[in-house]
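Visitor: Following is a predicted model, sequence given first.
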Amino acid sequence: MNRPGAAGCVTAIFGPTGVGKTAVAVEVAAQLGVRVISADSMQLYRGFPVLTNQASASERARAEHALVEVADPEQEWTVAAYTQEARRAFDHDLATSGWAVIAGGTGLYLRAALAPLDIPSVHEPGLRAGLEARLREEGVDALHAELEALDPAAAARVDALNPRRVMRALEVVLTAGPGSWAGREDLWRPRYRHPTLLVGLDMPREQLYERINRRTRQMVEGGAVEEVRSYLAVAGRGPSAGDSGAAAPAPARESGIRQAIGFREIRRHLAGEITEEQLIELLAASTRRYARAQLTWLRKLPDVVMMDPSARPPAEVADEIVALANRRCGKET
């Protein structure tokens with residue numbers, strides 16, 4: 001085990017889904033004698049270990065995982081709430097061992113945990129619910145047009161094709177007034193709270209997609225469908241509710257675990273709308289799209305050290321990361 005040094009040091013591991021982050025992070029954490037702090041917005045929720053690709057029992061036995069299965073499925077976590085909990089975990093691990101390890105694929109969560117980020121504190125549930133309804137009924141263009149009329153500068157900083165960002169900016173502006181939406185100007189200029197090694201994992205695209213396709217089938221056949229079926233039964237909503245349009249009205253909003261990739265597709269399968277093979281195809285396509293978005297984040301992260309884990313076992317990749325972390329943080333022994 002590496003002993004605490006003069007200052008705490010954080011090792012962060014990011015990359016697209018399917019690249020092998022968990023296996024590598026487990027080995028890094030085991031070598032450093034700490035746990036893995038998860039930066040995955042869906043692994044927060046209880047009851048969906050297969051759907052959200054949580055660490056296996058053997059991986060958890062090798063390294064404890066924090067911020068996994070800590071929230072009820074309907075609970076909504078904000079970036080601010082996650083950041084508070086992640087930093088509390090950082091501070092504990094750094095104080096006790098001199099190291100902290102964070103790994104995951106939710107870029108904004110990872111970024112906010114590592115360095116201060118300008119996150120608007122405004123949160124009005126009633127207004128948000130109304131904006132959700134308008135988003136469904138009027139579309140994102142209408143909300144963006146209202147934002148532009150109220151605060152042109154904010155509208156110029158928000159991607160008009162991103163419904164959630166448009167809605168969030170409009171919520172802040174309607175609540176706190178024009179000029180209150182800060183956007184994300186500080187996103188790519190982090191001032192890390194602690195000495196930080198940021199490692200990005202990537203591999204040839206064809207190989208990554210093959211891994212995603214294989215893992216998707218394993219998820220569907222390995223319990224993800226049953227997880228959603230059981231949840232819907234307890235939640236009191238049949239599998240067709242909100243999906244076919246004619247069966248039942250859509251829910252007021254998609255929150256909590258319902259936002260997870262695969263949840264909606266599995267509901268369609270349970271409602272008899274698509275076969276299992278169609279489900280696998282749709283879920284794999286959605287996951288590949290998400291991986292592309294994660295790679296966009298990866299290319300923008302400053303000072304990231306890129307590694308390809310495809311040709312080496314996770315323990316060997318971890319050896320390289322730990323050696324680099326020791327050099328970066330001045331902890332060579």
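Guide: Alright, I've got the coordinates.
Visitor: Enumerate every residue touching the residue nearest to the spatial centre of the chain.
Guide: The centroid of the chain falls nearest to residue 106 when counting by CA atoms, centre = their mean (2.5 Å). Listed by CB atoms under 8 Å, 6 or more residues apart in numbering, the contact set of residue 106 reads 39, 40, 41, 42. Any C-beta I mention is one placed from the backbone N, CA and C, and that applies to glycine too.
Visitor: For the stretch 151-300 of the chain, give me the ranges with low pLDDT.
Guide: The model of the stretch 151-300 of the chain has pLDDT under 70 over residues 182-186, 236-253.
Visitor: can you map out the strands along it?
Guide: 196-201 (DSSP state E, counting those that start in this stretch).
Visitor: Look at residue 189 and say how many residues are nearby.
Guide: By the measure other CB atoms under 10 Å, the count of residues near residue 189 is 8.
Visitor: how close does it sit to residue 149?
Guide: 30 Å (CB to CB, to the nearest Å).
Visitor: one step back: in terms of helix, strand or coil, where does the nearest residue to the residue nearest to the centre of the chain once chain neighbours are set aside fall?
Guide: Counting by CB to CB, 6 or more residues apart in numbering, residue 41 is the residue found nearest to residue 106 once chain neighbours are left out, at 4.3 Å. Three-state assignment for residue 41 (DSSP: H, G, I helix; E, B strand; the rest coil): coil.
Visitor: For residue 41, which residues are in contact?
Guide: With the criterion set at CB under 8 Å, 6+ apart, residue 41 makes contact with 77, 82, 106, 109, 259.
Visitor: which one of these is nearest residue 96?
Guide: Nearest to residue 96 among these is residue 82, at 21.6 Å by CB to CB.
Visitor: element containing that closest one?
Guide: For residue 82, the host element (DSSP states H and E) is helix 79-97.
Visitor: need the helices for the stretch 1-150 of the chain, in chain order.
Guide: 21-32, 57-62, 79-97, 107-114, 125-138, 140-150 (DSSP state H, counting those that start in this stretch).
Visitor: Which among those helices is found nearest to residue 300?
Guide: Nearest of those (CB to CB): helix 107-114, 8.7 Å.
Visitor: quick revisit: show me what counts as buried in the helix holding residue 82.
Guide: For helix 79-97, the buried set under the neighbour-count rule, 16 or more other CB atoms under 10 Å, comprises 79, 82, 83, 85, 86, 87, 89, 90, 93, 94, 97.
Visitor: do stretch 100-115 as well
Guide: Under 16+ other CB under 10 Å, the buried positions of stretch 100-115 are 100-114.
Visitor: Give me the domain ranges for this protein.
Guide: 9-119+189-203+301-328, 125-176, 207-291 (automatic domain parsing).
Visitor: tell me the most buried of these?
Guide: By mean neighbour count, with neighbours taken as mean count of other CB atoms under 10 Å, domain 9-119+189-203+301-328 ranks first of those at a mean of 20.
Visitor: and that one, how far from the chain's centre?
Guide: Its chain's C-alpha centre and that of domain 9-119+189-203+301-328 lie 11 Å apart, by CA atoms, centre = their mean, to the nearest Å.
Visitor: Next: stretch 153-163.
Guide: 21 Å.
Visitor: picking that back up, what about the residue nearest to residue 106, distance to residue 78?
Guide: Counting by CB to CB, the gap from residue 41 to residue 78 is 10 Å.
Visitor: contacting residues around the residue nearest to residue 100 when sequence neighbours are not counted?
Guide: Excluding the flanking residues, the one nearest residue 100 by CB to CB, 6+ apart is residue 93, at 4.2 Å. Neighbour list for residue 93: 34, 35, 37, 99, 100, 101 [criterion: CB under 8 Å, 6+ apart].
Visitor: and which of those is nearest residue 136?
Guide: residue 37 (35.1 Å).
Visitor: Give me the nearest residue to residue 113, chain neighbours excluded.
Guide: residue 86 (3.9 Å).
Visitor: per-residue pLDDT, the one you found?
Guide: Looking at residue 86, its pLDDT is 96.
Visitor: Could you check how far it is from residue 32?
Guide: 17 Å.
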